[in-house]
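Enquirer: sequence unknown, structure follows:
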C-alpha cells in the first residue's frame, strides 16, 4: 500500500533542485509548500478563474530582476499601482495591459506572440469569501513550462512541467472581498528539461488548461485509487488518502447502483498511524456483485461516492469510474481476461480547426469522435499527459488509452536532477489520472537512444510507475534497427529496455524516412522478447487535397500507398497486439518548414487540421471496421 508521508517534502526538494539548475528563473522569497496532486479535483465544486487575464510579455525578465540581475523585492507580482508622491516610476500596469483567454496558449491568440518563447506575466482579479475551517487551493490544469504563482502578492507555489495538473495551497493568501492572482509562466526550452529543446511539436506557452479555486475541509480526501481486484471476483479494492491530522474519522465508499459499499474505517484501520505529517491512507476492500465490466464495447461508468467524516465535518467527492482488468499473458494483452487487439491511432493535444493546445470538452469529443469513426478502440495520447477532459471523454466513449510521460528523444539521462524532474511529472500524471478506466498503458518514453544511462533512467521510471500503480501495463516506444539478408530485410527489436516493459512499443517509417512503400512487403520482424508488441508509430506525410500517383511524395495517394503496404507487413508479425499509426490530425511543428506543403505542420495526419479526411483515413478505416488487420477479437 502506498504511503505519502514524505511527498510534500520530497517534492519541495525536487523543486529547489530544478530551480537552482535554472537560476535565471528563480527568486529567493520565502518558499511556499510544494503544490500537491488532488485526484478528481475536476469533480469538486470550484470557482472558475477561466476567461480574460491581463498579460505582459517579459523577455528580459524585468519583473523579477534589476539591470544587475539582482532579485527585486517588489517585483511585478506585488501588482503595484502608481500613486502621487512616488519617488520612482511604476513602469507596468496590469489593468492597462492587453488580455488573452485562459485556458489557452498565448501563441495562437495574438499574432505578435506566435513565436514568443520566454516569460509571460498573467494577472486576474477575483472576488472570494473564505470559510472558516477550510483550505483553499488554486488548481492549475497545466502551465507550460515553468511557473510561479502569487495571490495578493504572496508567493503560493512554483511548478516545473508543462502538461500535468497541480494545486497550490492559497488558504493563507486569500481574503474576503477583492483578490488578485499573478502568475509568471516561462516556456523557454532547456537542454536539461523534460522534454528537452528538441521536439517535433509546437511549444505552446501559457496557462493552457483550466484554472480554478477549490475549497475543502481542513481534513480532506486528496487521493484515492479504486479498481477491480484481479484475484477476487466481484471485489473492488484500493485505498483513500486523507490529508490532515484528525484520527477520529470514518470513511465510506459507496456505489449506489450496485448497492455496494465499503466498511466503516476508523483510526484503528490506519495503514500507518505514525506517518501523520502528510495524513494517512485507508484500505478499501468490498464486494460489488454484478459489476458490469468496462470495455470499448460497453463503457459502463458507475457513480462512486467517497465520504470522510471527522469531528462533525464531512468531505465528499462523487466520481464516475469504470471497473476492468488489464494484464498480459505471454504475448497476449488481456482486457477483462480476454485477448484484445488494439486498433488505434496516435493523437497530439492539438485543437481541431483553430489549432493551438487542445483543452475543451469539444476538442476531446471531436478528436476522439474521429478516432471512433476510424474504427479505433484505442488511442496513443502522445507525447505527454493530455488534459483530463480527454480522459473523461475516453472513459465515456469506450476508448482505451496509452498515456505518456514526456521523456522524449535525447534528454540528459546522466543527470540526477533531470531524472527527478521526469519522475515528478510521472508521479503527477499517475496520481491525477489513476481512476480512469480508459488508461491501460503508462508509457515511460519515446524514441530514446540506446545507452546504459538511458536504460537505467527509464527502467527506474518503470519501477516507480509500478510502485505508484501496479494495476496497469508499462510500455515505451522503442527505436528498431535493420538487418539486411539479400532482397529481404528484418526489423530487429532487441533494445535492452524491453526487459523492463510489459508491452513493447516500436516506431518505424518504412516508405517515408527509409526505402519505399513496397519495402514493407519484403520486411520481416525479429523480436527478442516474448511479449505483446504494439506498432506505436508508422506513417507518411500528405497535404490534404494534393493528388498524384502512388509514388508521388506528399500526395494523398502516396500516404495511402504506404498504409496499404504496411498493413500487409503488420499481419505477418505473430506477436503484434496493437497499432497506433502516426497520426490522427496534422499538427504544428517548427521542424517542418517546407513552404507550400508543410508550412510548419507535420502532415502525417489522416485528417488535416481543418478536418479534411485524406485517402489513408479510408484505407485504415476499412481495415479496422472489417478487422482485416491484427488478430480478430
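Expert: Everything's here; your move. Quick caveat: nothing in here was measured; it's all calculated off a predicted structure.

Enquirer: in the protein, which spans are helices?
Expert: Applying DSSP state H to the chain gives helices spanning 7-21, 361-374, 388-397, 416-433, 452-468, 556-570, 615-625.

Enquirer: now residue 309: how far from residue 247?
Expert: Relative to residue 247, residue 309 is positioned 13 Å away (C-beta to C-beta, to the nearest Å). Heads up, the C-betas are built off the backbone N, CA and C, glycines and all.

Enquirer: Confidence-wise, which of the helices of the chain is weakest overall?
Expert: Sorting the helices of the chain by mean pLDDT places helix 7-21 lowest, at a mean of 34.

Enquirer: Residue 309 and residue 247: which is more packed in?
Expert: The neighbour comparison of residue 309 against residue 247 (other C-beta atoms under 10 Å) goes to residue 309, with 18 against 15.

Enquirer: can you pull the contacts of the more buried one?
Expert: Residue 309 makes contact with 249-250, 252 under the criterion C-beta atoms under 8 Å, 6 or more residues apart in numbering.

Enquirer: Same check on residue 311?
Expert: Counting by C-beta under 8 Å, 6+ apart, residue 311 makes contact with 246, 248-249.

Enquirer: Recalculate using a threshold of 7 Å.
Expert: Going by C-beta atoms under 7 Å, 6 or more residues apart in numbering, residue 311 touches 246, 248.

Enquirer: Show me what residue 329 is bridged to.
Expert: residue 332 (DSSP bridges).

Enquirer: and it, how far is that from residue 230?
Expert: For residue 329, the distance to residue 230 - C-beta to C-beta - is 12 Å.

Enquirer: Looking at those two, which one has more neighbours?
Expert: Comparing residue 329 with residue 230 by other C-beta under 10 Å, the one with more neighbours is residue 230, at 13 against 10.

Enquirer: Please name the nearest non-neighbouring residue to residue 228.
Expert: Leaving aside its chain neighbours, residue 228 sits nearest to residue 323 (4.2 Å; criterion: C-beta to C-beta, 6 or more residues apart in numbering).

Enquirer: Count the neighbours of the one you found for me.
Expert: Residues near residue 323, counting by other C-beta under 10 Å: 24.

Enquirer: got it, and residue 486?
Expert: Neighbours of residue 486 under the rule other C-beta under 10 Å: 6.

Enquirer: got a list of what it touches?
Expert: Going by C-beta under 7 Å, 6+ apart, the list of residues near residue 486 is empty.

Enquirer: tell me the pLDDT at it?
Expert: pLDDT, residue 486: 79.

Enquirer: The one 5 residues further on too?
Expert: We note a pLDDT of 97 for residue 491 in this prediction.

Enquirer: For the nearest residue to residue 150 once chain neighbours are set aside, which residues are in contact?
Expert: Once flanking residues are discounted, residue 150 sits nearest to residue 77: 4.2 Å by C-beta to C-beta, 6+ apart. Contacts for residue 77 were tallied using C-beta under 7 Å, 6+ apart; they are 150, 153, 182.

Enquirer: Then residue 630?
Expert: Contacts for residue 630 (C-beta under 7 Å, 6+ apart) come out as 341, 343, 576, 579.

Enquirer: from what I can see the residue nearest to residue 228 touches residue 293, true?
Expert: Yes. Under the criterion of C-beta atoms under 7 Å, residue 323 makes contact with residue 293 at 6.4 Å.

Enquirer: Could you check how far the residue nearest to the spatial centre of the chain is from residue 425?
Expert: Closest to where the C-alpha atoms of the chain average out (C-alpha atoms, centre = their mean) is residue 385, at 1.1 Å. Distance from residue 385 to residue 425, counting by C-beta to C-beta: 8 Å.

Enquirer: cool, and residue 582?
Expert: Distance of residue 582 to residue 425, computed by C-beta to C-beta: 23 Å.

Enquirer: Also residue 602?
Expert: Using C-beta to C-beta, residue 602 is found at 23 Å from residue 425.

Enquirer: And the residue of the chain positioned farthest from its centre, its phi and psi?
Expert: In the chain, residue 85 marks the outermost C-alpha relative to the chain mean, sitting 49.9 Å out by C-alpha atoms, centre = their mean. Per-residue torsions, residue 85: phi 90, psi 0 (degrees, to the nearest 10).

Enquirer: ok so, going back, could the contacts of residue 77 go into CSV alongside pLDDT and distance to residue 373?
Expert: Formatted as CSV, the contacts of residue 77 follow (pLDDT from 0 to 100; distance: C-beta to C-beta, whole Å):
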residue, pLDDT, distance to residue 373
150, 98, 45
153, 97, 50
182, 98, 43
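
Enquirer: and which of those is nearest residue 434?
Expert: residue 150 (30.6 Å; C-beta to C-beta).

Enquirer: Now the buried members of the contacts of residue 309.
Expert: Applying a neighbour-count criterion of 16 or more other C-beta atoms under 10 Å, the buried members of those are 249-250, 252.

Enquirer: which ones are touching residue 631?
Expert: Residue 631 sits next to residue 341 when contact means C-beta under 7 Å, 6+ apart.

Enquirer: Narrow the contacts of residue 77 to those that are buried.
Expert: 150, 182.

Enquirer: In strands, which of the contacts of residue 77 appear?
Expert: The strands, defined by DSSP state E, take in 150, 182 from the contacts of residue 77.

Enquirer: So which of the contacts of residue 77 is the closest to residue 202?
Expert: Closest to residue 202 out of these is residue 182 (25.9 Å), distances taken as C-beta to C-beta.

Enquirer: what about the strands in the stretch 1-150 of the chain?
Expert: In the stretch 1-150 of the chain, the segments counted as strands under DSSP state E, counting those that start in this stretch are 46-48, 51-58, 99-102, 119-128, 134-140, 146-151.

Enquirer: I'd like the ones you listed laid out as a markdown table, including distance to residue 440.
Expert: Shown next, in a markdown table, are the strands of the stretch 1-150 of the chain (distance: least, C-beta to C-beta, whole Å):
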| stretch | distance to residue 440 |
| --- | --- |
| strand 46-48 | 29 |
| strand 51-58 | 36 |
| strand 99-102 | 32 |
| strand 119-128 | 36 |
| strand 134-140 | 26 |
| strand 146-151 | 31 |
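
Enquirer: tell me the most buried of these?
Expert: Across the strands of the stretch 1-150 of the chain, the average number of neighbours (mean count of other C-beta atoms under 10 Å) peaks for strand 146-151, which reaches a mean of 26.

Enquirer: now the angle from it to strand 134-140?
Expert: 140 degrees (axes from the mean of the first three to the mean of the last three C-alpha atoms, to 10 degrees).

Enquirer: start to end distance for stretch 237-249?
Expert: Using C-alpha to C-alpha, to the nearest Å, one end of stretch 237-249 lies 20 Å from the other.
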